[in-house]
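Colleague: Predicted coordinates and the sequence they were generated for:
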Amino acid sequence: MSRFIARRLGFMLLTMVIVSLAVFLISEAAPGDVARHILGQFATPAQVELLRDQMGLDQPLLIRYRDWLIGNDWKLRRLVGMPLVQKPVGDRGEIGWYAQAADGTLLQWKMRKEGLAELRTAPDGTKEEVPFDNWVEDEDGNSVHWGVDTANHVVLWVRDQVARETGVASAGRAMTEASGEQYFPIRKGLLRGDPGISQRTGRAVGPTLMRRVRNSFTLAILAFAVIMPVALVLGVLAGLKEGRATDRAISVMSLVTTSIPEFASGVFLILVFSFWLKILPGAAVFTSDVAPWKDPKLLVLPVLTLTLVEVGYVARMTRASMVEVMNAPYIRTAYLKGLPYRRIVFTHALRNALMAPITVIMLHVNWLVGGIVVVESVFGYPGLGLYLLDSAMFKDVNAIEAGAMLMVALAVGTQLLADVLYTFLNPRIRYT
Amino acid sequence: MAGQLSLETPKTKRTKKTLGGLLVIRDSRVGMVGLTLVTFWVLVAIFAPLIAPYSPLAQDSSAINQGPSAQYPLGTDTMGRDVLSRLVHGSRTILLLAPLSVICAVIVGAFLGLVGGYFGGIVDEVVMRLLDAIMAFPTILLYLIIISAIGPSALNVVIAITFVGAPGVARLVRSLTLDIRTRDYIRAAETRGEHPFFIMFREILPNARGPIIIDSMLRVGYAIFSIGTLGFLGLGLPPPTPDWGGMISEARKYIWTNPLGVLWPALAISSLVVGLNLFADGLREESTRYQ
Amino acid sequence: MDDHRPSTPILDVRELAISYKTRRGQVPAVRDVTFDILRGEAHGIVGESGCGKSTVAFGIVSFLGRNGRIVGGRILFQGQELVGRSEEELRRIRGDRIAMVYQDPMQALNPSMRLGDQMTEVLTTHRGLKLEAARERCLEMLDRVYMPDPANVMQRYPHQISGGQQQRVVIAIALLNDPALLIMDEPTTALDVTVEAAVLDLIAELQRTFDTAIMYISHNLGVVARVSSKVGVMYAGEMVERAVVERIFIRPFHPYTQGLIRCVPRLGMDKRSSHLYPIRGRVPSPSNLPPGCIFEPRCDYARADCSQKKPPLREIEPGHWVRCFHAEEIAQTEWQVPADLAEQLARPAGYDPNAEPILRITGARTYYRVPSKKLLTRKKLYVKAVDDVSLEVRKGQALGIVGESGCGKSTLVKTIIGMEKPTGGQFDFMGMDVSVPVSKRDLALIRELQMVFQNPDSTLNPSFTVANQIARPLIRFKTVPRDQVESQVLRLLQMMKLDERYLDRLPRQLSGGEKQRVGIARAIAGQPELVLCDEPVSALDVSVQAAVLNLLMEIQAELGSTMIFIAHDLSVVRFFCDHIAVMYLGQIAEVGPAEAIYAPPYHPYTEALLSAVPIPDPRAEQKHIRLSGTVPSALNPPTGCRFNTRCPRKIGTICETEVPPWREEGHGHRIFCHLPLDVLCKMDAVVTVNQ
């Protein structure tokens, strides 16, 4: 069995690698220039070029993939000559990059009108700004300095050269002054937990993503907790009563609810419960900072919408499996042994009957994720799905990539879990 | 010689047989309900210009976001367009795009599944790993990525649904192929030295027909579901094309002032998908019972 | 509870009728079945597939599914009526007083429960035993069915033990409550012949010691002859004859029973000295039965009255019941081959033992690579399916290859035809090299080697008409010009005794025998030099089997083709083949002319095989040789002689260390054994028939 699980793990890793490449390639290779998109259509070509440089978009694709995946701080530190470290900035959980001097002082540099300034943060937290004058000569005899700016780039500054261009990004954030000769955005890499900066908001993707994931998770786990027991019981019941009225009622009802798209059933529920009965809120009005469980009423309709769609699917799977098992020869054996019906069902049939649906259900997690995106959109629920949707609309590459990888990891992880679960339930695999 | 011997089964016979297979639906009450719903929408789509009282694009600035009235039986939308006309014309879009994308997915998927399943080995491994990787994506995410990469348009919706649907078809066809491949008649063909493509397309594919047809029916329902979802998320057909998902998304914003505006398209898409699924399920049930 | 009089039968079935509800209405699957089983008696029920024998069994335990129903008759069990009892009362009887064992033990056991739990629940449910006491009893019972290491077995899951052991567990479960009636439905059909023999021994022994009444259902006349004291013959849902076993097999009255016995080759019969006589026509479908005697349309003795009135099952001699108006008369007359049948009897091909070999295989090896089960091992594992096999096939010869499942006979044939790539060895076919896979062979070579397959249900592509199936090789091999294809198809069909009405039929409209004929027609269409037959008759009912064997013989006589014939039924192989090779674990143990294989000297494995074959003749006496253990894994076969782990005649360590020499007896008869030839020659014949 260990071999089986190792194989699955291998496949999972392989899948993740392929997926990461695909996500990266698709979103990077998408038509339309991200820099142009951020700056808006009135930006000058020079501005666009500058932003591309600042965002590292002028690097070769493979380098960018590497930087995105495992980061580049370990490489850039050689340019600066000091270790690069991340420290929190402000109180919103944002994180900034600093160069760390031997005595522990954190350094950043900023171009002022009067020349390059060094921003120093001592280990005890005291800050000071001093003019910089520690230039080094490069091969061409220019006085240059490799340093870290305040917007997480490693920058090559040349002495006496002040800002080239400035502009305003369309998303409303001011573009950093472009005073350096060369820019390398510092990244820690997705694998090391840093998805980069959102181009839409200008903030780090990580913290926002985490809050969104928390909200979506609340929704998904609640839905799962409602769906599973209901669906399994209905499915088993229908399977046992194969062909009778109970079965037909359950089968047809579950087919109907499964067939209605979430946005339609969500709308029906809003109309009934919020508009006409006025007993439940029809939209989730809270910001992503507030935990959703603070106001449980908000969760009722989204969970109900997901349940409607998913219960039918799981119930039908369970039913089919139950029917198959109840017709299996070993159930006939159990019957011919004169065992009571309850024992036949509970001891002989259930375990075998639940084996197949569990894997199918776990594979279905992809579908549930889709449902969550739509439901979040219907109810304006600030979850991961809505975040991704908004990011996709804006071509916010870093956010899409991070969110997508997270979703895929989740999906592949549950599939692995399903496989492991299956091997534990199925002695035929467990003991070979 | 008594009977005239024909080496090729006449085409008419083949189609008759397939249609005859579809006729089992008569024995399923639920399947007939489904068929009725589907037929209704197909007729609406065919005769859309006759049924719709207005052009789906015509705007009436004097009647914006209104409830049902004698002039506009189902009301108007935010741009003063007749909801009924848009609904009727929307059925055309969806009933054209959904089957088209399923046909594309089935062609691509069946080919990959046949090749992977029949050749096995490294070919199968590579094809299946790639498809697994696609299937590891939550479908909605795939749509998001694809559409945000290539932009929303009718053609791109078809491409996206093909891309998302083909792996599932490939898996089905592959498992059918793996099963059929072990049959003795395939070995007979192999020992006759038949070309692999002859074996795949002439010996295997016809025997996988039944399950593929039923699967395709379910897939059309699913495609409509997806097209609706894309439209709702703003990834579907660009405006002003009448699109049920898009109509719901628009009307959703004004649900507190004009609740019925959102109800009609939601009912339309639900009834169509439910109809298709009931039909496909009835067909599956009846045809397996016959075996 | 055994207070009933000893003369009361344990089971008394009277005029039982069972129907199934289908879309086309009620289908009477079983009609008017009457028999009884006494205490300690083993009653066989024999009949071809679809005759309703299993339905009777499931009717007795009232497990007919939702569409089956007992529509008439009575089932008296220990004097008490079972028909009409409540479900709860029946449940108490099932598994306690009446136990059942049926085919395919792997399917019958729950794959996800430990065997111990599946055993003890019978006792805890019916006897209310505590778990500990139940376990004790189970251990004891496993011991009685000769299960090695019972305590360990109880901890295991079904897939972890062999098929023979699974069936022992199922039998043990059935016997746990010491039932009054044990119903066995084809309990050994899925097992290999040596395993079957051991299970049959066990059943006979248990019957003696437990004094249980046994109802034994089988399609195999030989098996029924071995275990039963009385036999009932069923045909198309009715019992047509019932008598003690000797009467059924030696002096049957009913024309169907007679026909059935004439269909089966007995061990030792061959095609030159005897004939198989198939029964004409086919079994009527239960929804369309003849109005009079159900056998009338196929009967050689049918008279006018037979088609009008239904004959009753009557006792014409004490203990001998027959459903026939003219049984006495038939019993008097000697059966004459009817004219239409005589025409169909094949004349075997004249085969010249000194003809040139057309296929010569030397040192053939076919290995399959299997993935290692251990994590992180680089060692490659190979299943040595065929390992160092040398064979010659002469022109016009019918070479039989026998052996139990897994012996490599199918792999050998697949290698010859090019569906498997050999790992080594020389393959010479009429001067051409056939060690290459079929995809790399010339069309000219491909057409010379064709194959007939085992399973009639999968041998034909369900999407194509009969005409298409047969025409394809004609077109592909350009056997005849394009414009003559149609007439050639018709000619081939006629050769298969099928007429032009079959041309446009699809496979699902054909019976098993007809499908197999079309498959044969397809194989011989290209006029191949060598036809490989992989168990061509083993999936067919005996009466159909006889017809197909006759057909193959006729083809061989007419076309002079050479055949390799794989089968597990030693009687069929003996009957059909000129030359036979016995395989064990990837190697040939013995090869030689058919008559030499079935008479001493034997290879010890051949001897064991022959002593295991069930013979449909109660007078036959067989030596009692049972192999111990199971066939070793082909991944890691025993060194020296591969049979040494199980050989009853093992002489010492030489068998384990050295590869045995070939002992040549002459006429091409060779035995792969360390025993010297004179010792082998002194063996007794395995089978003797007392007249």
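Modeller: The structure has been received and is ready for your questions. Residues are numbered from 1 along each chain as shown, chains lettered A, B, ... in the order given.

Colleague: List the contacts of residue 263.
Modeller: You didn't say which chain, so I picked chain A. Residues counted as contacts of A:Phe263 (CB atoms under 8 Å, 6 or more residues apart in numbering or on different chains) are A:Val374, A:Ser377, A:Val378, B:Gly228, B:Thr229, B:Phe232, B:Gly245, B:Ile248, B:Ser249, B:Arg252, B:Ala266. Glycine gets a C-beta too; all of them are placed from N, C-alpha and C.

Colleague: not what I meant, chain C
Modeller: C:Leu276, C:Tyr277, C:Pro278, C:Ile279, C:Val542, C:Ser543, C:Gln545, C:Ala546.

Colleague: can you check C:Gln556 too?
Modeller: C:Pro348, C:Ala349, C:Gly396, C:Ala398, C:Met563.

Colleague: okay but the last one is in contact with C:Val531, surely?
Modeller: When you say that, I think you mean C:Met563. Yes. With contact defined as CB atoms under 8 Å, C:Met563 reaches C:Val531; the gap is 4.9 Å.

Colleague: mind putting the contacts of C:Gln556 in a markdown table, neighbour count included?
Modeller: Below are the contacts of C:Gln556 laid out as a markdown table (neighbours: other CB atoms under 10 Å in any protein chain shown):
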| residue | neighbour count |
| --- | --- |
| C:Pro348 | 19 |
| C:Ala349 | 22 |
| C:Gly396 | 21 |
| C:Ala398 | 26 |
| C:Met563 | 25 |
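
Colleague: picking up where we left off before, and the contacts of C:Cys263, which of them are buried?
Modeller: Among those, the ones that count as buried by 16 or more other CB atoms under 10 Å in any protein chain shown are C:Leu276, C:Tyr277, C:Pro278, C:Ile279, C:Val542, C:Ser543, C:Gln545, C:Ala546.

Colleague: Go through these and say which is closest to C:Leu267.
Modeller: Nearest to C:Leu267, judged by CB to CB, of these is C:Leu276 at 13.7 Å.

Colleague: tell me the mean pLDDT over the host helix or strand of B:Gly31?
Modeller: Assigned by DSSP states H and E, B:Gly31 belongs to helix B:29-46. The pLDDT scores in helix B:29-46 average 89.

Colleague: Which elements pack onto the next helix or strand after that helix?
Modeller: Next along the chain after helix B:29-46, taking DSSP H and E as the criterion, comes helix B:48-51. Under the contact criterion of 3 or more CB pairs under 8 Å, 6 or more residues apart in numbering or on different chains; DSSP states H and E, helix B:48-51 touches helix B:83-119.

Colleague: hmm, back to that, give me the subset of the contacts of C:Gln556 that lies in helices.
Modeller: Per DSSP state H, helices hold no members of the contacts of C:Gln556.

Colleague: hang on, the earlier thing: what about the helix holding B:Gly31, near chain A?
Modeller: Yes. Helix B:29-46 lies within reach of chain A by CB under 8 Å from any CB of the partner chain, at B:Val30.

Colleague: export that helix as PDB, just CAs?
Modeller: C-alpha atoms of helix B:29-46 as PDB (Å, rounded to 0.1, in the frame of the first residue of the first chain):
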ATOM      1  CA  ARG B  29     -42.300   8.800 -17.700                       C
ATOM      2  CA  VAL B  30     -39.700  11.100 -16.200                       C
ATOM      3  CA  GLY B  31     -37.700  10.900 -19.500                       C
ATOM      4  CA  MET B  32     -40.800  12.000 -21.400                       C
ATOM      5  CA  VAL B  33     -41.200  15.000 -19.100                       C
ATOM      6  CA  GLY B  34     -37.600  15.900 -19.900                       C
ATOM      7  CA  LEU B  35     -38.100  15.400 -23.600                       C
ATOM      8  CA  THR B  36     -41.100  17.700 -23.500                       C
ATOM      9  CA  LEU B  37     -39.200  20.500 -21.800                       C
ATOM     10  CA  VAL B  38     -36.300  20.100 -24.300                       C
ATOM     11  CA  THR B  39     -38.700  20.000 -27.300                       C
ATOM     12  CA  PHE B  40     -40.400  23.100 -26.000                       C
ATOM     13  CA  TRP B  41     -37.100  25.100 -25.900                       C
ATOM     14  CA  VAL B  42     -35.900  23.700 -29.200                       C
ATOM     15  CA  LEU B  43     -39.200  24.900 -30.800                       C
ATOM     16  CA  VAL B  44     -38.800  28.300 -29.200                       C
ATOM     17  CA  ALA B  45     -35.300  28.600 -30.500                       C
ATOM     18  CA  ILE B  46     -36.300  27.600 -34.000                       C
END
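
Colleague: Lovely, talk soon.
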